[in-house]
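Q: here you go, sequence then predicted model.
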Amino acid sequence: MKKIIISIVALFGFLHAKAQENTTTEHPKKLTLDEVNLVSSYYRQDGNNSAVTGGIGSEKLSDISNTIDVTMVKYDKKERKNKFDLSVGIDHYSSASSDKIDLQANSSASYSDNRIYPTLGWSRENEAKGTTIFAGVSFSSEFDYQSYGANIGFAKKTPNKMGEFTAKFQAYMDQVSLIAPIELRTAGNTGGEHDSYGVSGRNTFALSLSYSQIINQNFQVEFLADGIQQTGYLSLPFHRVYFTDHSVHQEALPDRKFKIPVGVRANYFLGDRLIVRAYYRYYTDDWGLKSNTFSLETPVKISPFLSVSPFYRYYSQTSAQYFAPFEQHTAFDDFYTSNYDLSKFDSHFYGAGIRFSPNNGLFGIERLNMVEVRYGHYTKSVGMKSDIISLNIRFK
């Protein structure tokens, strides 16, 4: 907590200095700081269906996350708006279930880990033509998993600027370290710090399409559709599966998966104080899993500077065809998993956010204009539950 407070104070000083620059309303021809968001969150969960121990055992996990997002803007000679986004996130988590990769250890190297995930994005908007092009790259790394991502896209507004079509293509190239449960490892690889593990690749390609439309001054709607293809090693090597004969195996799933989510989002402004934000998504894939998601958020403005946003999300899914609980799979199964993320369940996620955005800024810094705290509680019908609290501070 002390490190987080120090980082926030240091950031305030940096932002205050930048706030003295570029106070005119002219379009900046030099690269100019536009917005900074600092987000910190704490997450914890518990349950009794860990995939590491074959669908039984503790799912206890905690995660502390800190992310900083910086947006810079520059207009070129043709008055096109160029935006550069840099984001860096660092997570530290501890997991009782991952610790059970080695069933005999009191505390192994798998108990806790750090993940770092920087991203860099660029967009160019031609406001006169109503077009935007954008691209980005990303990276994520932890002990047993590395991911390299890239995206490119295009957006076009309708002639009256009331609608916008967006197309985005994303690709992720991942490497999974093949860390097996200790009792299934080959001779000579005992799971020590300096043991070498094999790796296997996983590729994801996604095409996302959306169309947003302003119906009138109170009502906006957006339609979304994705096509996602995954190939390669789609299992996790340290997930155990116990057969009916009590034998233990590594999780085995197909090396190909195609997913189609489609959704609709709608915002309705009920006067100056209340907004209703609704969202629905239907999902299906060729592993037999289907799901429905519905969420509702209703930000209420208490005063010109203070708003409260209660929210609720309901989710339900069918089971993937390769899932079975502890000691339910047999040797006749070609593919098998006891990961309850692929089981049949429904879930509820609810909570609220409080946002404070005074006109004169926070802590005497005029452009440090927003702080928001959000809390959410999540429950699954299979027994897992979690809590998350986050803090977002924005400079603009």
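A: That came in fine, so what should we check first? Numbers count the residues shown, from 1 in each chain.
Q: in this structure, where is pLDDT below threshold?
A: Low-confidence segments of the chain (pLDDT under 70): 1-26, 28, 97-99, 104-111, 187-196.
Q: remind me, longest strand of it?
A: strand 199-216 (DSSP state E).
Q: counting contacts, what elements does the following helix or strand past that one pack onto?
A: Sequence-wise, the next helix or strand downstream of strand 199-216 (DSSP states H and E) is strand 219-232. Applying 3 or more C-beta pairs under 8 Å, 6 or more residues apart in numbering; DSSP states H and E, one finds that strand 219-232 contacts strand 199-216, strand 256-270. In short, each C-beta sits where N, CA and C put it, glycine included.
Q: what pairs with S208 across the strands?
A: Beta bridges link S208 to K168, D226 when assigned by DSSP bridges.
Q: OK, contacts around it?
A: By C-beta atoms under 8 Å, 6 or more residues apart in numbering, the contact set of S208 is G153, T166, A167, K168, F169, Q170, L224, A225, D226.
Q: report the buried members of those residues.
A: G153, T166, K168, Q170, L224, D226 (16 or more other C-beta atoms under 10 Å).
Q: coming back round to it: can you give me the buried ones in the longest strand of the chain?
A: R202, T204, A206, S208, S210, S212, I214.
Q: helix, strand or coil for the closest residue to H246 other than its chain neighbours?
A: Spatial nearest neighbour of H246, excluding adjacent residues (C-beta to C-beta, 6 or more residues apart in numbering): E327 at 6.7 Å. Secondary structure for E327, judged by DSSP: H, G, I helix; E, B strand; the rest coil, is coil.
Q: hmm, E327 is touching V241, no?
A: No - with contact taken as C-beta atoms under 8 Å, E327 and V241 are classed as non-touching, separated by 9.2 Å.
Q: who's more crowded, the two?
A: Taking neighbours as other C-beta atoms under 10 Å, E327 and V241 compare with V241 leading, 27 against 18.
Q: from D63, how far out is the more buried one?
A: As judged by C-beta to C-beta, to the nearest Å, V241 and D63 stand 26 Å apart.
Q: that older thread, need the helices and strands packed on strand 219-232 in a markdown table (columns: distance to F363).
A: Below are the helices and strands packed on strand 219-232 laid out as a markdown table (distance: least, C-beta to C-beta, whole Å):
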| stretch | distance to F363 |
| --- | --- |
| strand 199-216 | 36 |
| strand 256-270 | 31 |
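Q: ok, D341 - contacts?
A: If you count contacts by C-beta under 8 Å, 6+ apart, then D341 has A51 around it.
Q: repeat for A324
A: Residues in contact with A324 (C-beta under 8 Å, 6+ apart) are D333, Y336, T337, S338.
Q: same question for T318.
A: So T318 contacts G288, L289, K290, S291, K344 (C-beta under 8 Å, 6+ apart).
Q: repeat that with 6 Å
A: By C-beta atoms under 6 Å, 6 or more residues apart in numbering, the contact set of T318 is K290, K344.
Q: over to S212?
A: Counting by C-beta under 6 Å, 6+ apart, S212 touches E164, E222.
Q: specify the local secondary structure of the most far-flung residue of the chain relative to its centre.
A: What lies farthest from the middle of the chain is D245; by C-alpha atoms, centre = their mean that is 38.5 Å. Three-state call for D245 (three-state DSSP): coil.
Q: tell me how many other residues crowd the spatially closest residue to it that is not a sequence neighbour.
A: The shortest distance from D245 to any non-neighbouring residue, by C-beta to C-beta, 6+ apart, is to A331 (7.5 Å). A331 sits with 10 neighbouring residues when counted by other C-beta under 10 Å.
Q: what about A331, distance to T186?
A: Counting by C-beta to C-beta, the gap from A331 to T186 is 21 Å.
Q: and R374, by the same measure?
A: Taken as C-beta to C-beta, the span from R374 to T186 is 46 Å.
Q: these two: which is more packed in?
A: A direct count of neighbours by other C-beta under 10 Å for R374 and T186 places R374 higher, at 18 against 8.
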